[in-house]
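Visitor: My questions concern the predicted model and sequence given below.
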Amino acid sequence: MATVAPPAVKTRAAAKKAPSSKVGAAKPAASVSSGTTLTLTSKNYSSWSLRGWLLVRFAGLPFQEHVLPPDDPSTRAEILLLSSSILVPSLVHEGVHVWDTLALAEYLHEVCPEAKLLPTDRAARAHCRAISGEMHSGFASLRASLPMNLRAHFPKFKVWSRAQADIDRICTIWRDCLAQYGGPFLFGQHRTIADAMYAPVCTRFATYDVPLDPVCAAYRDLMLGQPEMQEWLRGAQAEPADIDELDVEF
């Protein structure tokens with residue numbers, strides 16, 4: 001089964017272009033608020049930066065980007081999951097400073113309710129929070145074995161049993177949500193916090209050529225084809241810095 005890889009990969013395999021899609025795309029912001037800043041680390045390597053950036057974009061909140069250099073020691077420690085806490089991405093909005101990704105998601109839901117980052121139904125809202133929290137705190141084997149690297153592609157990558165258990169659980173979550181709420185996104189027609197939280201997994205599945213069933217592959221492709229994801233992928237490709245620990249040939 002063919003998988004979809006991020007564009008312009010730099011390893012041996014040729015890139016496979018993700019299909020474009022305008023489903024669920026946010027309207028472009030008319031102007032940028034000078035008082036709203038989102039601090040990020042690497043666009044190529046940082047899954048948490050991607051989650052935070054997508055949440056703000058899905059919310060439709062205008063902001064300025066501040067990107068920290070990946071070779072900064074504290075930034076590097078966060079990307080390599082060696083830091084005791086993850087403080088990036090962080091948002092400053094109207095004097096409020098928020099950094100934990102789930103806290104950022106809840107804040108955006110409060111200030112931009114029209115974006116519907118959480119479902120309107122109480123049970124669905126609880127479900128969305130539960131699977132988002134599961135991604136926030138779990139899947140350590142997947143993170144360690146398949147680190148995010150958008151410029152790379154490792155075809156026929158050998159996935160070990162612990163990481164495969166994480167992959168299986170993620171696919172179960174996706175299938176259950178898509179069946180229960182009708183798709184095309186995890187909670188129906190609108191992109192929610194959950195879609196932002198699982199978006200970096202879509203890139204990992206592409207980078208490491210992870211075989212997926214048709215339902216999960218279609219969701220992966222949908223997310224990779226979102227305009228915001230395509231914009232992020234272009235930014236990752238343009239990023240000059242490499243982190244040697246994450247660019248080895250597996």
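Guide: Arrived safely, thanks for sending. Numbers count the residues shown, from 1 in each chain.

Visitor: So for stretch 90-97, what gets flagged as buried?
Guide: 90-93 (16 or more other C-beta atoms under 10 Å). (C-beta placed from N, C-alpha, C; glycine too.)

Visitor: Closest one of the residues you listed to Ala179?
Guide: Leu91 (33.4 Å; C-beta to C-beta).

Visitor: Please, where are all the strands along this protein?
Guide: Assigned by DSSP state E, the strands in the chain fall at 36-40, 64-67, 90-93, 96-98.

Visitor: Output those in CSV; the columns should cover distance to Ala163 and mean pLDDT.
Guide: Below are the strands of the chain laid out as CSV (distance: least, C-beta to C-beta, whole Å; pLDDT from 0 to 100):
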stretch, distance to Ala163, mean pLDDT
strand 36-40, 26, 94
strand 64-67, 29, 92
strand 90-93, 29, 94
strand 96-98, 31, 95
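
Visitor: These into CSV, with extra columns for distance to Glu231?
Guide: Below are the strands of the chain laid out as CSV (distance: least, C-beta to C-beta, whole Å):
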stretch, distance to Glu231
strand 36-40, 13
strand 64-67, 11
strand 90-93, 18
strand 96-98, 22
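
Visitor: of all those, which lies closest to Lys158?
Guide: Of all the strands of the chain, it is strand 36-40 that lies closest to Lys158, at 31.2 Å by C-beta to C-beta.

Visitor: partner strands of that closest one, parallel or antiparallel?
Guide: strand 64-67 (parallel), strand 90-93 (antiparallel) (DSSP bridges).

Visitor: could the ones you listed go into TSV alongside distance to Gly138?
Guide: Formatted as TSV, the strands paired with strand 36-40 follow (distance: least, C-beta to C-beta, whole Å):
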stretch	distance to Gly138
strand 64-67	27
strand 90-93	22
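
Visitor: what residue ranges in this protein score low on pLDDT?
Guide: Along the chain, segments meeting pLDDT under 70 span 1-34, 70-86, 241-250.

Visitor: What does the residue nearest to Gly52 when sequence neighbours are not counted show for phi and psi?
Guide: Spatially, and ignoring its direct neighbours in sequence, Gly52 is nearest to Pro89 (2.9 Å; C-beta to C-beta, 6 or more residues apart in numbering). Pro89 adopts backbone torsions of phi -80, psi 150, taken as degrees, to the nearest 10.

Visitor: was I right about Pro89 contacting Thr101?
Guide: Yes. In this structure Pro89 lies within contact range of Thr101 using C-beta atoms under 8 Å: 7.1 Å.
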